[in-house]
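In: Kindly generate the corresponding structure for this input.
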Amino acid sequence: MKKSDLMLIGGVAVGIYLMLKIFTRSAKAATPAQGVVAPGWATMITQADGWQYFSDGTSIGPDGRYYKGSDLIYDPAGMYQQ
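Out: Next up, the predicted model:
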């Protein structure tokens, strides 16, 4: 191999390495660390009898309906009605 071929291969290897470093850093930054709650995200407090309760006052019933306090805020059955 010529010196120019080795330099080209080395340059490509360095470029790939730098691209991998950049993309893995941005992927890690997009997700919160385990145990850390991002602003605006709720954490699940408990589950009982098919219900899920969250720290922001949201609850999800076994039928998939979402409630905020006692107000129905989302009904999956309503999505499919014409």
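In: Show me this protein divided up by domain.
Out: 1-31, 35-82 (automatic domain parsing).
In: Output these in JSON lines; the columns should cover mean neighbour count and mean pLDDT.
Out: Glycine gets a C-beta too; all of them are placed from N, C-alpha and C. Converted to JSON lines, those look like this (neighbours: other CB atoms under 10 Å; pLDDT from 0 to 100):
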{"stretch": "domain 1-31", "mean neighbour count": "9", "mean pLDDT": "77"}
{"stretch": "domain 35-82", "mean neighbour count": "10", "mean pLDDT": "80"}
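In: which non-adjacent residue is nearest Thr58?
Out: Spatial nearest neighbour of Thr58, chain neighbours left out: Lys68 (5.5 Å); criterion: CB to CB, 6 or more residues apart in numbering.
In: how much space between the one you found and Gly50?
Out: 18 Å (CB to CB, to the nearest Å).
In: In this structure Trp51 contacts Thr58, no?
Out: No: taking contacts as CB atoms under 8 Å, Trp51 lies outside contact range of Thr58: 11.0 Å.
In: Spell out the residue ranges of the strands in the chain.
Out: Assigned by DSSP state E, the strands in the chain fall at 44-48, 51-54, 58-60, 66-68, 71-74.
In: could the ones you listed be laid out in JSON lines, adding distance to Ile22?
Out: Below are these laid out as JSON lines (distance: least, CB to CB, whole Å):
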{"stretch": "strand 44-48", "distance to Ile22": "33"}
{"stretch": "strand 51-54", "distance to Ile22": "35"}
{"stretch": "strand 58-60", "distance to Ile22": "36"}
{"stretch": "strand 66-68", "distance to Ile22": "38"}
{"stretch": "strand 71-74", "distance to Ile22": "38"}
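In: For Leu8, which of the ones you listed is the nearest?
Out: Minimum separation from Leu8 across the strands of the chain (CB to CB) falls at strand 44-48, 52.7 Å.
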